[in-house]
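In: would you be able to build a 3D model of this:
(chains A and B)
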Amino acid sequence: MTVERLSVDDVGKRFASNVALDSVSLALKVGEVVGLVGENGAGKSTLLNILSGVIAPDSGTLRIDGAPVHVHSYRDANQLGVFRVFQDPALIENLSVYENIFFGWEQHFTAGGTIRRRRQQRRAESVLEAIGFGDIDVRYPISLYGAGSRQRIEIARVCALIELLEIEYPVILFDEPTAALDSEQEEVFLGLLECLRPNSAIMFVSHRLPEILKTTNRILVLKDGRTTAELETGGATEQHLHRLMVGRSRTANYYRENAQEPVPAEAAMHPRLGIRDLTTLGTPFDVGIRNITFDIAAGEVFGLAGVDGSGKREIGKAIAGVLATADGIIEVDGTPVHGSSTVDSVTAGIAYVPADRLQAGVVRTASLVANLQLPSLRDLFASRRIGIWRERSARARTLSVVEELTVAAPGGIDAPVSSLSGGNQQKIAIARWTVRSPQVVILDSPTQGVDSGSREAIYELVRSLNQTGVAVLLISDDLPELIGLSHRIGVITRAELSAIIETAPGKKPDEAHILAAMLAYQPIIESAPV
Amino acid sequence: MSTTSHLRRAVGKRRSSSVAEVVGELERRGIGTKDAVARLLPPAALLAMVMFFSVRADSFLTVRNLTLLSGDSGILLLAALGATFVVVMGSIDLSVGAAVMLTGAILSVVISAGVTSPLVVVSISVAVGSVLGLVNGMIFAYGRVPSFIATLGTLSLFSGLGLTILNGQARMIDAPGVQDLAVGQLIPHVQNPALIALGVFVLYWFIGSRTRFGLYLYAIGGNEHVVQLSGVRVNRYKVLAFVASGVTVALAGLLLMARLSSSGPTAGSTTLLDALAAIVVGGTALSGGVGGVARTVLGVLIVTVLANGLNQMGVDDFIQSMVKGGVIVVAAVFTMATQRKLIIK
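Out: Residues are numbered from 1 along each chain as shown, chains lettered A, B, ... in the order given. Alright, predicted model coming up:
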């Protein structure tokens, strides 16, 4: 059968000034598994969101069986036969497994206004049994299951709905379905995929390239919101895919590589930041990190690379005291940081600029001055004892920051931060920490959603931090940026530091090299903490 | 029997990895100790109180007093039943006391106008309650106002309206049929409010545990975002929960008025505190998603036995107020401690 079950022509989507997808076309046929690969931020999630009705495209058409359709919600998509296994399972914790599996479709089980729970339960059990997940007890609430089981319940939900809605040729979009599975569960899933293949049109998104190469018929490569390649799987290799996924132009000047100085041997002997065996407990919502050990010297930029969910962000959070640590030592200039709260880490001279600028980086409704002084109101901009505000010094510093970082602030320093563009907001988010003259600065995705002009200013800032002897931990999905700015890059795979790659000036590796290290897949041991 | 030992048996039978995972998770959270305490504490406390008051107050374990107790419990249960739905959804209804007073005021006017048939008066109070609930629900769901702000506003609105109707004074009623709803005993030694409340409880228990509406209430209390994504009309169910609360509160208002043969400005002044105390003490978490009307029955018994027993012992009102407040705080700490989110929507 070669019917095009689902296809899109020239879909595009922008978020503010960022182009997330730029005229992408694809077709999914029954009997075929299509792989979708790309770096973080390449547009995979946006594409899946459009295909599954979660967001509407700005342009382009969605067709089902060749006829144009308008899909307004995920539920609409379900009714048209399109299903998605979400990367972060969308489950309700306090409800049982079977209630979650049929959530929103209870009308298929109601008689006289009441839900036939027994029937729901039996049906859920039979589906789980049929797809090889029979070990999950459907009566218990989701909150008692870990990430791997939640992922399997999410998969089971899709299978159950296909059966319930009697969809003959479903379209199934798998978004990283194996990320939280151990090797045995992964085998079961790949077996399930084979059972589904003959009657379904399947899209398979995964960072595990061997899996993609083993199961798919065709592979679509996305980069910066565009399709850069569409190839038959037969004959493709991992190295080949790595090359197709990366390859943005990297100009040395852009990243101020000429201003990057090698770390003096003496500085390397006495690290600014020392991390020993840092470990956190994973929860169902974030991966843990295990035995992370590295040093950053004064004046060094240490980059962290890793795929989504590898644990690289959690390292930044743990050092900043946002995430509780289970074990390990954090040292600044050889002195251990006592306690593990944000108060302790700020006192020790650690500054953390989070990735989620709007939620955690700045207070959008507050003025530039207020944002700049917030982390420093306990010492820098207020008297120490009773905290009387030093208005004049705070305003003076804000004005000088605005000038130094060329913050475009048309409303002046008393205007709310929300009146600035994303890039300028980010400058404020970083500057509020640099005015404290910290020893260590952690930058999580500092240029995400930032225009190129502001990027340059941020790179300049990183270099000037280096020159004043600050140790910088740079966490980023942008590989050219990571390579350009860092002296060394630590690669995080599966919650562990798996490689450290030298990226000193003149010895910069290419992107494919880093990417290969990020995607290197070692099966994890059964029952290891997620 | 604790949940953990039940699961242990299941593991022994099936030896499956994910059941082991469930048991592990339970143990990691200390459930089996803490959860068992939270579950067993209310019945144990009730038993202890009954024993204590029986020994300390001669008049406690008498037919006369227990009959009185049944009436008290019935009226409080009605006030708390619908409010439990609202709390399960993760919200709160602060207007219950004011609604009791307002319903009484409206009904006393209706009765003075010559409407004395119990059936008609009950229907009118259900209608009044629905309207009050609708007002709360609409402000909360469509006005996107947090429920504690929305119902704080309507608390003042309802009581102001009630006082205006009463002109600030108590108003006697004369309708033997209606009064009989509260003081009559269809079954000897059980006051009618207990029977009525029991009937409504069965209905609400069924709605809460066997219908789609009930499931959605728990789901909204658990994770509203996912419910929204699933294509459920969340606002409709939010409004419905407040209507369910309005209806039972109005019935409580009716019975309170009938019992006192009058409506007055102070009617319902303790209802809000007592109803919330009963809900929380019973084990429904203020953060939503867990608990239910069955637990509220237990909470109602605890609150009424406590008040009644202290009365029989001659403890004065001011001390009683402190004891009640302490019990609520302790119960809230127990039910909230295992919850991650702490904000009431």
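
In: show me what contacts residue A:242?
Out: Going by Cβ atoms under 8 Å, 6 or more residues apart in numbering or on different chains, residue A:242 touches A:512, A:515, A:516, A:519. In this view, the C-beta of every residue, glycine as well, is placed from N, C-alpha and C.

In: for residue A:124, state which of those residues is nearest.
Out: Comparing the contacts of residue A:242 against residue A:124 with Cβ to Cβ picks out residue A:519 as the nearest, at 34.9 Å.

In: ok, the closest one touching residue A:308?
Out: No - taking contacts as Cβ atoms under 8 Å, residue A:519 lies outside contact range of residue A:308: 11.9 Å.

In: between the two, point out the one with more neighbours.
Out: Each of residue A:519 and residue A:308 has its neighbours counted (other Cβ atoms under 10 Å in any protein chain shown); residue A:519 has more, 21 against 16.

In: against chain B, how distant is the more buried one?
Out: Residue A:519 is 28 Å from chain B, where distance means Cβ to the nearest Cβ, to the nearest Å.

In: check that residue and give its pLDDT.
Out: Confidence at residue A:519, expressed as pLDDT, is 83.

In: may I ask which helix or strand of chain A has the lowest mean pLDDT?
Out: helix A:265-269 (a mean of 77; mean pLDDT, DSSP states H and E).

In: quick check: next helix or strand after that one?
Out: Later in the chain than helix A:265-269, the nearest helix or strand by DSSP states H and E is strand A:273-280.

In: that next one pairs with which strands?
Out: Using DSSP bridges, strand A:273-280 pairs in its sheet with strand A:289-296 (antiparallel), strand A:327-332 (antiparallel).

In: next, the buried residues of the first one.
Out: By that I understand strand A:289-296. A:289, A:290, A:292, A:294, A:295, A:296 (16 or more other Cβ atoms under 10 Å in any protein chain shown).

In: taking the residues you listed together, which two end up most distant?
Out: A:290 and A:296 (19.5 Å).

In: contacting residues for the nearest residue to residue B:154 once chain neighbours are set aside?
Out: In space, residue B:154 comes closest to residue B:95 once its chain neighbours are excluded; the distance is 4.5 Å by Cβ to Cβ, 6 or more residues apart in numbering or on different chains. Shown in contact with residue B:95 (Cβ under 8 Å, 6+ apart): B:132, B:136, B:151, B:152, B:154, B:155, B:158.

In: can you pull out the helices in the stretch 101-250 of chain B?
Out: Taking DSSP state H, counting those that start in this stretch, the helices of the stretch 101-250 of chain B run over residues B:118-141, B:147-166, B:176-183, B:192-210, B:212-229, B:234-260.

In: shared neighbours, residue A:519 and residue A:308?
Out: residue A:207.

In: got the CA positions of stretch B:74-86 in CSV?
Out: C-alpha atoms of stretch B:74-86 as CSV (Å, rounded to 0.1, in the frame of the first residue of the first chain):
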residue,chain,number,x,y,z
GLY,B,74,-26.4,16.2,59.0
ILE,B,75,-26.4,19.9,58.5
LEU,B,76,-22.6,20.2,58.5
LEU,B,77,-22.3,17.3,56.1
LEU,B,78,-24.6,19.0,53.6
ALA,B,79,-22.5,22.2,53.8
ALA,B,80,-19.3,20.3,53.3
LEU,B,81,-20.3,17.8,50.6
GLY,B,82,-20.3,20.1,47.6
ALA,B,83,-17.4,22.1,49.0
THR,B,84,-15.4,18.8,48.9
PHE,B,85,-15.8,18.7,45.1
VAL,B,86,-14.4,22.2,44.9
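
In: for chain B, see how far away residue A:452 is.
Out: 34 Å.

In: returning to that earlier point: show the buried residues in the contacts of residue B:95.
Out: With neighbours counted by 16+ other Cβ under 10 Å, the contacts of residue B:95 contain buried members at B:132, B:136, B:151, B:154, B:155, B:158.

In: as CSV, these with distance to residue A:357 and pLDDT would be great.
Out: As requested, the buried ones among the contacts of residue B:95 are arranged in CSV below (distance: Cβ to Cβ, whole Å; pLDDT from 0 to 100):
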residue, distance to residue A:357, pLDDT
B:132, 44, 98
B:136, 37, 97
B:151, 35, 97
B:154, 38, 97
B:155, 39, 97
B:158, 44, 97
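
In: which residue does the stretch 301-450 of chain A have closest to chain B?
Out: With Cβ to the nearest Cβ as the measure, residue A:326 is the residue of the stretch 301-450 of chain A nearest to chain B, at 12.6 Å.

In: and that residue, how many neighbours?
Out: 16.

In: equivalent analysis for the one 10 residues further on, please.
Out: Residue A:336: 11 surrounding residues under other Cβ under 10 Å.

In: can you check residue A:450 too?
Out: Counted with other Cβ under 10 Å, the neighbours of residue A:450 add up to 23.

In: show me the contacts for it.
Out: By Cβ under 8 Å, 6+ apart, the contact list for residue A:450 reads A:422, A:423, A:426, A:458.

In: can you rerun that using 6 Å?
Out: A:422, A:423, A:426 (Cβ atoms under 6 Å, 6 or more residues apart in numbering or on different chains).

In: what about it, which SS state?
Out: coil (DSSP: H, G, I helix; E, B strand; the rest coil).

In: residue A:11 against residue A:58, yeah?
Out: No - contact criterion Cβ atoms under 6 Å: residue A:11 and residue A:58 do not qualify, at 8.2 Å.
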